[in-house]
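Asker: 3D model of this:
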Amino acid sequence: MKTFILIFLGAWAGISFAQRPAQPPMSQEQFTPEKLGYSLFWEDNFNGNQLDPKKWAVRGVGPRALGYVSPEAVEVKDGLLKLHAIQKGDSILIGAVGTQGKLMTKYGYFECRAQLQKSPGVWAAFWIQSPDISKGEDPAVYGAEIDIFEFFKKLGVDIVSHNVHWAYGPNQKSTRGMQSYLKGVSEGFHTFALEWTPDKYAFFIDGYKFYEVTIGISRIEEYLILSMELPSEKKDLQYTVYPDVFLVDYVKVYKK
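Answerer: Next up is the predicted model:
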């Protein structure tokens with residue numbers, strides 16, 4: 001799900017996709033934003049038949065990795081946001097939406113309820129992005145890319161990944177991919193969440209906390225992104241079945 005300038009992609013791929021061993025939850029306690037002291041601040045339940053232009057826009061229309069981001073691959077229907085991966089002739093179309101210029105915020109509890117894609121190759125992602133990430137190397141000043149979750153099915157059907165990147169450029173840094181193991185996560189709907197404070201990021205699936213990290217902390221306002229993503233090498237798409245879809249039931253932001 002990288003927004004990297006293409007010339008750097010090859011050099012950064014090893015950092016971006018280096019994965020830690022998968023681990024179960026830190027405990028069997030299930031958290032809710034309310035239990036952590038948060039109240040609802042912003043939400044979209046995707047009721048209606050089109051993307052709410054006050055909240056979202058199709059993000060990055062045009063070439064991306066091996067395909068194209070296209071409004072044709074974004075659909076709101078049946079109370080769901082549907083981000084498709086579609087093969088159309090020799091092209092692959094994918095859907096991505098973001099809140100840049102609409103919801104810009106920092107700190108809080110960020111949650112979506114979603115059903116992941118079925119295929120390997122393409123992948124579903126929910127992330128937070130800084131508009132200034134390539135302007136400098138201090139994440140407190142220039143922000144970070146916070147990957148709340150990515151589902152690389154090639155890693156396993158019960159594994160979801162999280163990551164944080166900052167200092168886009170030749171000195172880009174990363175927490176390394178954090179892998180969470182939760183049996184059945186690739187089937188049906190699940191919640192994926194991030195608690196972001198001035199001191200830490202905590203990553204949750206279905207209310208279970210899997211990781212806390214205290215490096216790469218952004219202290220600036222950023223925006224939300226939901227996307228279907230594509231790899232940079234054709235061999236990674238050899239087992240992908242089209243059409244595929246990433247379904248999102250809701251996105252909610254909570255604040256203290």
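
Asker: which stretches in the stretch 151-256 of the chain count as helices?
Answerer: For the stretch 151-256 of the chain, no helices turn up when DSSP state H, counting those that start in this stretch is the criterion.

Asker: give me the low-pLDDT residue ranges for it?
Answerer: Confidence mapping of the stretch 151-256 of the chain against pLDDT under 70 gives zero matching residues.

Asker: 90 instead, please
Answerer: Filtered on pLDDT under 90, the stretch 151-256 of the chain yields the residue ranges 176.

Asker: the stretch 1-150 of the chain too?
Answerer: Per-residue confidence for the stretch 1-150 of the chain (pLDDT under 90) gives these ranges: 1-21.

Asker: 70 instead, please
Answerer: Within the stretch 1-150 of the chain, the stretches with pLDDT under 70 are 1-19.

Asker: can you give me the helices in it?
Answerer: With DSSP H, counting those that start in this stretch as the definition, the stretch 1-150 of the chain shows helices at residue ranges 6-17, 139-142.

Asker: quick one, what contacts the closest residue to Glu75 other than its chain neighbours?
Answerer: Once flanking residues are discounted, Glu75 sits nearest to Lys82: 4.2 Å by C-beta to C-beta, 6 or more residues apart in numbering. Placement of C-beta: from N, CA and C, glycine included. Lys82 is in contact with 74-76, 95, 245-248, counting by C-beta atoms under 8 Å, 6 or more residues apart in numbering.

Asker: most surrounded residue in those residues?
Answerer: For these, neighbours were counted using other C-beta atoms under 10 Å, and Phe246 has the most, 28 neighbours in all.

Asker: which one is that residue nearest to, not counting chain neighbours?
Answerer: Sequence neighbours aside, Ala124 is the residue nearest to Phe246 in space, at 3.8 Å (criterion: C-beta to C-beta, 6+ apart).
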